[in-house]
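[1] Return a 3D structure for these sequence lines:
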Amino acid sequence: MNRSRLISAISGGAIALFATAALAQTSPEAMWYSHQGGEVRASKLIGTSVKNPAGESIGEINEIILDKSGRVHALVVGVGGFLGMGEREVAITLPSINLAVDSNNNTVATVNATKDQLKAAPEWKWATSNDGSGTVGKGVTKPN
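    Model (predicted):
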């Protein structure tokens, strides 16, 4: 290989290396997020009472299930208990829960299910996973 071809090959490799490094960096503007209308904070959602359309309390949101990309797939609701005794958890898909804000600026969660339907729903159980996420839920059908 002559000297000019060697210099061209090294230069081309260096340009490709620097271009890859530049693409891997995130611009500072892309790192920061601004509040958008209609958002709900997870800290405010957990602990929210869940009601049926008749206004009866059927449980409380205990957990929020996210996929690896951060999208919410389900809310885990504690149902059937009284003063913390006998409660079991069910995972309800996010589209099945209506989230709204009442006149006092409180989050209101409503699901179109009776207490009996929730008692019959598959129980959500946490287990150790092999994919590094730390937990795997059992009892809910994965959304498409």
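[2] for residue 75, what are its contacts?
    Contacts for residue 75 (Cβ atoms under 8 Å, 6 or more residues apart in numbering) come out as 45, 61, 63-65, 91-92, 94, 97, 109. Backbone N, C-alpha and C define where each C-beta goes, glycine included.
[3] could I get those residues as CSV with neighbour count and distance to residue 39?
    Compiled in CSV, the contacts of residue 75 are given as follows (neighbours: other Cβ atoms under 10 Å; distance: Cβ to Cβ, whole Å):
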residue, neighbour count, distance to residue 39
45, 17, 11
61, 22, 16
63, 19, 19
64, 15, 13
65, 18, 18
91, 21, 22
92, 23, 20
94, 14, 14
97, 19, 16
109, 21, 15
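[4] Just the ones of those in helices?
    Secondary structure defined by DSSP state H assigns residue 45 of the contacts of residue 75 to helices.
[5] Could I get the average pLDDT for the longest strand anywhere in the chain?
    The longest strand of the chain (DSSP state E) is strand 57-66. On average, the pLDDT along strand 57-66 is 92.
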